[in-house]
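Peer 1: My questions concern the predicted model and sequence given below.
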Amino acid sequence: MFGAFRASSPLSGGLLWKVPWRMSAMRKARARERLRFVDENIEAVLRSGQECRTVTLAAALPKEHEMLPKDKYTVFDPKSRNYRKGIHKVPKWTRITQRTNPTGF
């Protein structure tokens, strides 16, 4: 309680890194830009003639303009009430592909 190891108000106030419950307009714009950048890179690799399993799987993914906003900004989550959660709540969401979801969700 008292002394060098007492609990300060920031420590007892909850999480240190708070995640907003919805994405801002700028964060959504950056996510769309990131998707378009990945699409351009996949097209460049396909044009170069490289053949591998990863490139063929990446080419089968939907493009940014083909995706619904629901799929751009949310992902399937079986534990969530509506089975969707914001993509910004997924760990490492800027580095992993979350373009496909189960059908019906």
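Peer 2: Done, it's in. Numbering: from 1, shown residues only.

Peer 1: Please tell me how far A59 sits from Q50.
Peer 2: Between A59 and Q50 the distance, using CB to CB, to the nearest Å, works out to 11 Å. All C-beta spots, glycine's among them, are computed from the backbone N, C-alpha and C.

Peer 1: Neighbour count for these two, which is higher?
Peer 2: Remark: of A59 and Q50, A59 carries more neighbours, 13 against 10, as counted by other CB atoms under 10 Å.

Peer 1: Pull out the buried positions in the helix or strand hosting the more buried one.
Peer 2: Using DSSP states H and E, A59 maps to helix 53-60. Buried residues in helix 53-60, counted by 16 or more other CB atoms under 10 Å: A58.

Peer 1: tell me how far it is from the chain's mean position?
Peer 2: Counting by CA atoms, centre = their mean, to the nearest Å, helix 53-60 is centred 19 Å from the centre of its parent chain.

Peer 1: and that helix, what does it pack onto?
Peer 2: Counting contacts by 3 or more CB pairs under 8 Å, 6 or more residues apart in numbering; DSSP states H and E, helix 53-60 packs against helix 25-48.
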